[in-house]
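Colleague: Using only what follows, build the 3D model:
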Amino acid sequence: MALDDINPGTSYCWYDAAAGKLNKLVGTSENNFGQGRENTEYVNEKWNDPSLPWGVHNDSLTYDDMWEVIQEEITNGWFVPSKSEWSAFGAAFGIDKSNFSRRFGLSDTYWSSSQYNMYDAYFVTFYDGYIGSGYLYSNRYVRLATTF
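Modeller: Prediction:
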């Protein structure tokens, strides 16, 4: 897991222009540990495909989607963790709502690379201590992971 957020203090939408168009879905009880890289590569391929009729960038003039700002990191082998990778990270370090910020320097919510349905993606919320799902155009923080 990266030691810092992407642009600390800045939140991003998941990919609002893709709402209703991407279908790499994960069930609520499905364990997708180890699929963060695959999920990231799938979405990034779609994001960078100029032949898609819905375009590569989000359709908002007021905020960026996370795929737009992590292009260089993806090229360097970083990926957006899956919902299960976030869960394992939190459990391994005993991260909870009482210590996520003060002890670990984490923001309150982060996007995962896992889609709940074609309009929502999973996120981790440390201030409430659960994995939830939210609209692709919602704003959350981004922290990347890599394997060595």
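
Colleague: At which residues are the helices of the chain located?
Modeller: For the chain, applying DSSP state H gives helices covering 36-47, 66-69, 71-75, 83-93.

Colleague: As a markdown table, these with mean pLDDT and distance to residue 6 would be great.
Modeller: For glycine as for every other residue, the C-beta is placed from the backbone atoms N, C-alpha and C. As requested, these are exported to a markdown table (pLDDT from 0 to 100; distance: least, Cβ to Cβ, whole Å):
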| stretch | mean pLDDT | distance to residue 6 |
| --- | --- | --- |
| helix 36-47 | 91 | 13 |
| helix 66-69 | 91 | 6 |
| helix 71-75 | 96 | 7 |
| helix 83-93 | 92 | 15 |
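
Colleague: Please read off the pLDDT at residue 104 from the model.
Modeller: What the model reports as pLDDT for residue 104 is 90.

Colleague: Tell me, how many residues neighbour it?
Modeller: Residues near residue 104, counting by other Cβ atoms under 10 Å, number 15.

Colleague: So it is in contact with residue 95, correct?
Modeller: Yes - contact status for residue 104 versus residue 95: in contact at 5.7 Å, counting by Cβ atoms under 8 Å.

Colleague: quick one on the thing from earlier: which one of the helices of the chain lies nearest to residue 21?
Modeller: helix 36-47 (7.9 Å; Cβ to Cβ).

Colleague: Which positions within the closest one qualify as buried?
Modeller: By neighbour count on 16 or more other Cβ atoms under 10 Å, the buried set for helix 36-47 is 36, 37, 39, 40, 42, 43, 44, 46, 47.
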